[in-house]
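**Student:** Attaching a predicted model along with its sequence, questions to come.
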Amino acid sequence: MRTSLFLTALALAVASCVEEPYGAVPSPSQLEWQAMEMNMFCHFGPNTFTGKEWGDGTEAEDLFNPTDLDCRQWAATAKAAGFKGIIITAKHHDGFCLWPSPVSDHTVAQSSWRDGQGDVLRELSDACKEYGLKFGVYISPWDRNDPHYGMPEYNDVFVQTLESVLGGTYGPVFEQWFDGANGEGPNGKKQKYDWPLFNGTVLKLQPQAVIFSDVGPGCRWVGNEEGHAGRTNWGRLETYGFTPGHGGPPVDTLNQGNKYGSSWIPAETDVSIRPGWFWRASETPQVKSVQELLKIYYESVGRNSLLLLNVPPDDRGHIDPADSTRLMEFRGALDAIFSDNLADRARIRRKDYVWTVNLKKPKTFNRLVLQEDLTLGQRIAAFTVEARVDGQWEVVAEETTVGFKRIVLLPNVTADAVRVRVDESLAKPFLSTIALYQDDIYRE
């Protein structure tokens, strides 16, 4: 859609010079983050070897012993699948650190793996750099091993933990993932987390990092682990009175955002390619199908959310062949569906709140892709899609928000023109993309 996109972009550039942003808008880092669209999550640690989802912190350090760790294979797989970054569980709730943390005795340095000289974060960050991927970390504040957990001094210990990862040793970190889980430590106590201190530490050391939690401040949990953002999904969120974890907003609010929220905190949809988060051989036959992954894609990326797909390495330290094969099939399906923009070179005309795409001759399509210019704020609250079939306009879809990207699943339509009418907008709407595709793969 080179011609139409050029004209739309030109119109936006002119409009942006005179139009004031509406409401909360994304920072440059947040906008760059959402443009990534899909990242890979890697749950890896002692649980990979025990088959548990949550370890209890008493696991022997020697338990962690991947026989052939190959982070370059992870990165090559992620790159080929179309992911733009990898986030690794550097420290899960069991407290085991995949790097030699100076404030813990429960790390790779105390294991016999690589004679105590190993560092998973070093190898993965180097691999990400080699393959042109961004590097991110999950560091759980809950620690079921650290003896300080449940005491005021633990917050300082956790800050030192963050500093040892984010201080520059591993280069730029694009996302810091904070799980809000808050259970008991080895002394039977729960910790009162100092979130302002934690967030401040992250942003001091990695000012470009997007911080994930139930209330951001960079991005928010989507409210479920099944892989779907709300059909209505605002990038704004009202966070006053809420905290990460059990103090977070209701799940329906996380799923949909707040129409008039005062902060820009877009949704991230985290879901695993397997039933569990950590690799288990018994779950290999249950790797999600291409159809399931396409549904997740449409209901996350296609609903104004970033998709974080968990692909857990196995006990060798490899991405399992079943997972990597499925990822290549998924990538192939996406490429086939979105390779031919049927609105390419179409004439797009705007009149007030209506965009008309003249296709010149009838074409068959069933996917409509829309994008707003988020530098001006998310504005569109409701829109109608019409297609001109045999000279008559027919309504083919009625939807709500657009945001960074909205993929509308239409019935198969053969039409020579498409009309997008914005029925409700919080301010004058601006679309940066209107594209049409035919999907012959996904079956609803």
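**Tutor:** On my side now, so go ahead.
**Student:** Distance-wise, check residue 135 relative to residue 344.
**Tutor:** 35 Å (CB to CB, to the nearest Å). (Glycine included, C-beta is placed from N, CA and C.)
**Student:** The two: who's more crowded?
**Tutor:** With neighbours defined as other CB atoms under 10 Å, residue 135 and residue 344 compare such that residue 135 has more, 22 against 14.
**Student:** For the more buried one, give its distance to residue 121.
**Tutor:** From residue 135 over to residue 121 (counting by CB to CB), the distance is 8 Å.
**Student:** Which residues are in contact with each of the two?
**Tutor:** Counting by CB atoms under 8 Å, 6 or more residues apart in numbering, the contacts common to residue 135 and residue 121 are residue 170.
**Student:** Can you list the low-confidence ranges for this structure?
**Tutor:** Scanning the chain for pLDDT under 70 picks out 1-17.
**Student:** One more pass at 50, please.
**Tutor:** The chain contains residues with pLDDT under 50 at 1-15.
**Student:** In the record's domain split, what are the boundaries for it?
**Tutor:** 2-21+342-437, 36-337 (automatic domain parsing).
**Student:** Present these as JSON lines; the columns should include distance to residue 29.
**Tutor:** Shown next, in JSON lines, are the domains of the chain (distance: least, CB to CB, whole Å):
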{"stretch": "domain 2-21+342-437", "distance to residue 29": "13"}
{"stretch": "domain 36-337", "distance to residue 29": "5"}
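**Student:** highest average neighbour count across those?
**Tutor:** Of all these, domain 36-337 carries the top mean neighbour count, a mean of 20, counting by mean count of other CB atoms under 10 Å.
**Student:** Between the two ends of that one, how far is it?
**Tutor:** 19 Å (CA to CA, to the nearest Å).
**Student:** can you give me the strands for the stretch 101-250 of the chain?
**Tutor:** 134-139, 175-177, 210-213, 219-221, 236-237 (DSSP state E, counting those that start in this stretch).
**Student:** The first one: partners in the sheet, and parallel or antiparallel?
**Tutor:** Strands flanking strand 134-139 in the sheet, each with its direction: strand 85-91 (parallel), strand 175-177 (parallel) (DSSP bridges).
**Student:** mind listing what residue 243 touches?
**Tutor:** 180, 195, 214, 215.
**Student:** Let me have the residues you listed in CSV, adding distance to residue 440 as columns.
**Tutor:** Output for the contacts of residue 243, formatted as CSV (distance: CB to CB, whole Å):
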residue, distance to residue 440
180, 41
195, 47
214, 39
215, 41
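**Student:** now the strands: where do they sit in the stretch 301-444 of the chain?
**Tutor:** 306-310, 347-351, 354-372, 380-389, 392-399, 406-425, 431-437.
**Student:** If you count contacts, what does the third one end up packed against?
**Tutor:** If contacts are counted by 3 or more CB pairs under 8 Å, 6 or more residues apart in numbering; DSSP states H and E, strand 354-372 sits against strand 347-351, strand 380-389, strand 406-425, strand 431-437.
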